[in-house]
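> Dropping the sequence and predicted coords here.
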Amino acid sequence: MHELIGLPAPLAELDRCLVMGVINVTPDSFSDGGRWFSVDDAVRRGIDLTAQGADLLDVGGESTRPGALRIDEDEEARRILPVIRQLVKLGTMVSVDTTRGSVAGAALDAGACLVNDVSGGRADPTMARVVAQAQVPFVVMHWRGHSDVMESLAHYDDVVSEVSAELSAQVGELVAAGVDERRLVLDPGFGFAKNARHSWELFSSIDRLLELGRPVLIGTSRKRFLAEAVAVQQISGASADPSVRDGATAATSALAAAAGAWGVRVHEVAASADAVRVAARARAASGGVSHG
Ligand code: PMM
């Protein structure tokens, strides 16, 4: 098992893959944009996801959907800080999904306990300093560029080797900036500068990502590559509603947990909360450790 320091007690003590529930306080995220855009709706959603079994709530204010344009940092902070404050007051564990050091710092002041950065510190040179000073866990996602250009950057000869090497380089930069490596979680970044084939190859290589020596977070939820694995859509030609991918998402949660992932990041929590428990039981019965 890879040591992760700095998590608060209830999370640090989990002996299975944790479930991070997504709350996008945005009008335009790819799968749930606009649904939890008011503070009240977002907080209610957080309460629901916690009741469904979320261990941690990941609150974000800026969409990273392919092609998305950036919002300014005041707007990002205005969207998420009241939501984080209220959820923390209710006793929930909260992470902040942001690429901006200033927003991460404000979210930590509001009570967030972990920073999740889809750029792994690359979008904003101040991020590493904020995380180093706050001494909190930090999710380093594999990242090649912002959402408006990332689809043009999805070129690899060997996606698993290249993503691993680039994640290692991102870790090196963070450590050089003073971040304790033992606080880092790695994420291959499904759909970020990846086509469907790249995402499937990475998903089938969680064991190789774990060889980097850090816990691994898996964020497949509702992503486009899962459409290839959705029966109903293929049979009926049903809608492009990303929630039709929730069943496939739960399947990836079970497989990721069975492969030793540290956590899964999902929009619909209930089925994944069961899936990670099934995987934990199966791993324990087969003599394996509970998570990576
Ligand atoms: N994906 C999205 C946003 N944040 N964070 C991590 N660590 N990993 C991901 O795969 C990831 C992320 C994509 O947008 P969404 O919030 O609508 O799922």
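It's in. Values in this document were obtained by computation on a predicted structure and should not be read as measured data.
> How about the residue in the chain positioned nearest to the ligand, nearest residue that isn't a chain neighbour?
Closest residue of the chain to the ligand, C-beta to the nearest ligand atom: G219 (2.3 Å). C-beta: built from backbone N, CA, C; applies to glycine. Leaving aside its chain neighbours, G219 sits nearest to R265 (4.2 Å; criterion: C-beta to C-beta, 6 or more residues apart in numbering).
> Help me confirm that the residue of the chain closest to the ligand comes into contact with V185.
No. Look at G219 against V185 with C-beta atoms under 8 Å: they stay out of range, at 11.2 Å.
> The two - which one has more neighbours?
G219 (26 against 22; other C-beta atoms under 10 Å).
> Next up, the contacts around that one.
M141, D187, G189, F190, V264, R265 (C-beta atoms under 8 Å, 6 or more residues apart in numbering).
> so what's the second one scoring on pLDDT?
If I follow you right, that is D187. pLDDT, D187: 98.
> switch to numbering from 22
I'll keep to 22 as the first residue from here, and by that count the last item is D208.
> Bridged to it, which residues?
M162 (DSSP bridges).
> count of residues packed around it?
So D208, with other C-beta under 10 Å, has 27 neighbours.
> The fourth one too?
The burial count assigned to F211 is 24, neighbours taken as other C-beta under 10 Å.
> Name the helix or strand for the residue nearest to E289 when sequence neighbours are not counted, please.
Nearest residue to E289 in three dimensions, chain neighbours excluded: D267, at 4.6 Å (C-beta to C-beta, 6+ apart). Per DSSP states H and E: D267 is located in helix 267-279.
> If you compare the directions of the helix or strand hosting R298 and helix 267-279, what angle comes out?
Taking DSSP H and E as the definition, R298 sits inside helix 291-306. Per axes from the mean of the first three to the mean of the last three C-alpha atoms, to 10 degrees, the angle that helix 291-306 makes with helix 267-279 is 30 degrees.
> CA atoms of helix 291-306 as CSV?
Taking C-alpha atoms only, helix 291-306 is exported to CSV below (Å, rounded to 0.1, in the frame of the first residue of the first chain):
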residue,chain,number,x,y,z
ALA,A,291,-24.7,4.8,-4.8
ALA,A,292,-23.7,2.1,-7.2
SER,A,293,-20.0,2.9,-7.0
ALA,A,294,-20.1,2.9,-3.2
ASP,A,295,-21.4,-0.7,-3.4
ALA,A,296,-18.9,-1.5,-6.2
VAL,A,297,-15.8,-0.5,-4.1
ARG,A,298,-17.1,-2.6,-1.2
VAL,A,299,-17.6,-5.6,-3.4
ALA,A,300,-14.1,-5.2,-4.6
ALA,A,301,-12.8,-4.9,-1.1
ARG,A,302,-14.5,-8.1,0.0
ALA,A,303,-13.2,-9.9,-3.0
ARG,A,304,-9.7,-8.7,-2.5
ALA,A,305,-9.7,-9.5,1.2
ALA,A,306,-11.1,-13.0,0.5
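> List the residues that contact V117.
So V117 contacts 79-81, 101, 105, 124-125, 128-129, 133, 135-137 (C-beta under 8 Å, 6+ apart).
> In strands only, show me those residues.
Among the contacts of V117, the members falling in strands (DSSP state E) are D79, V80, G81, L135, V136, N137.
> which of the residues you listed are close to the ligand?
G81, N137 (C-beta under 6 Å from any ligand atom).
> Could you dump the ones in strands among the contacts of V117 into JSON lines and include pLDDT and neighbour count?
Formatted as JSON lines, the ones in strands among the contacts of V117 follow (pLDDT from 0 to 100; neighbours: other C-beta atoms under 10 Å):
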{"residue": "D79", "pLDDT": "98", "neighbour count": "24"}
{"residue": "V80", "pLDDT": "98", "neighbour count": "30"}
{"residue": "G81", "pLDDT": "96", "neighbour count": "25"}
{"residue": "L135", "pLDDT": "98", "neighbour count": "29"}
{"residue": "V136", "pLDDT": "98", "neighbour count": "27"}
{"residue": "N137", "pLDDT": "98", "neighbour count": "27"}
